[in-house]
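> Using only what follows, build the 3D model:
(one chain, ligands or ions: 2)
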Amino acid sequence: MNTAYIALGSNIAEREDFLKSAIDMLEEHSEIQVTEKSSVYETAPVGYTDQSDFLNMVVEVTTSLQPLQMLDHCQSIEAELGRERLVKWGPRTIDLDILLYNHENMEAERLVIPHPHMHERAFVMVPLAELAPEVILPQINLSVEEILRGLPAEEVESMRIWGKI
Ligand SMILES: Nc1ncnc2c1ncn2[C@@H]1O[C@H](COP(=O)(O)OP(=O)(O)OP(=O)(O)O)[C@@H](O)[C@H]1O
Ligand SMILES: Nc1nc2c(c(=O)[nH]1)N=C(CO)CN2
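Ligands and ions are numbered 1, 2, ... in the order given. From the prediction side, this is the model:
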């Protein structure tokens, strides 16, 4: 059995409904159990800033799937929920990023784990720290909470709790 952490984000239309639908679709897979859910945060767009605020969260799952099978399911959820990739880092109905898979490192064509940008992003590290503050990121060899402490304070403090789903 594997433990994985998946980041979810949405900034189009009914953002909270897209997060709920994505979690339901993860749980509908017979080989995936959603075991923990972070709070939902409203966050200002990072990287490509000319777009609406996001709702972001992180979920913990246990699964017998291998990483690439999990990616396939996440991408099928994105397609099912109407995600269009018009602009890199642009608006999306739903985005599922695989952050961590056990303590594995992976550098495949379609899949890099740990997610290559996760440690730079308050919209990922703040919700992840709710679930797994002690987890050590491979290669970086720092815990989630140590990485979070190193992020710009204004970025962390700008995160607004939206609620729980
Ligand atoms: N850990 C990962 N989780 C999800 N997708 C990944 C991961 N590593 C690599 N990818 C690849 O990234 C490609 C682009 O994904 P996507 O368009 O969702 O990027 P994004 O989420 O907008 O940007 P970012 O990856 O910087 O968060 C996907 O087709 C997928 O094959
Ligand atoms: N606040 C926020 N900004 C982003 C996000 C996101 O989920 N939330 N995702 C991006 C590409 O994955 C780029 N920028």
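> going forward, measure contacts between C-alpha atoms and count neighbours the same way
Fine.
> interface residues of this protein facing ligand 2?
The chain has residues 9, 43-47, 54, 56, 89, 123 near ligand 2, with proximity defined as CA under 6 Å from any ligand atom.
> do the helix or strand that contains residue 6 and ligand 1 meet?
Residue 6 is part of strand 2-10, with elements assigned from DSSP states H and E. No. On the criterion CA under 6 Å from any ligand atom, strand 2-10 is out of touch with ligand 1, staying 8.0 Å away.
> Name the strands paired with that strand and say parallel or antiparallel.
strand 54-63 (antiparallel), strand 95-101 (antiparallel) (DSSP bridges).
> what's the average pLDDT for the shortest one?
Rounded to a whole number, the mean pLDDT of strand 95-101 is 98.
> List the contacts of whichever helix or strand comes after that strand.
Using DSSP H and E, the helix or strand that follows strand 95-101 in sequence is strand 106-107. Outside of strand 106-107, the residues within contact range by CA atoms under 8 Å, 6 or more residues apart in numbering are 112-114.
> if we can go back for a sec, buried ones in the strand holding residue 6, by neighbour count?
For strand 2-10, the neighbour count (16 or more other CA atoms under 10 Å) marks 3-10 as buried.
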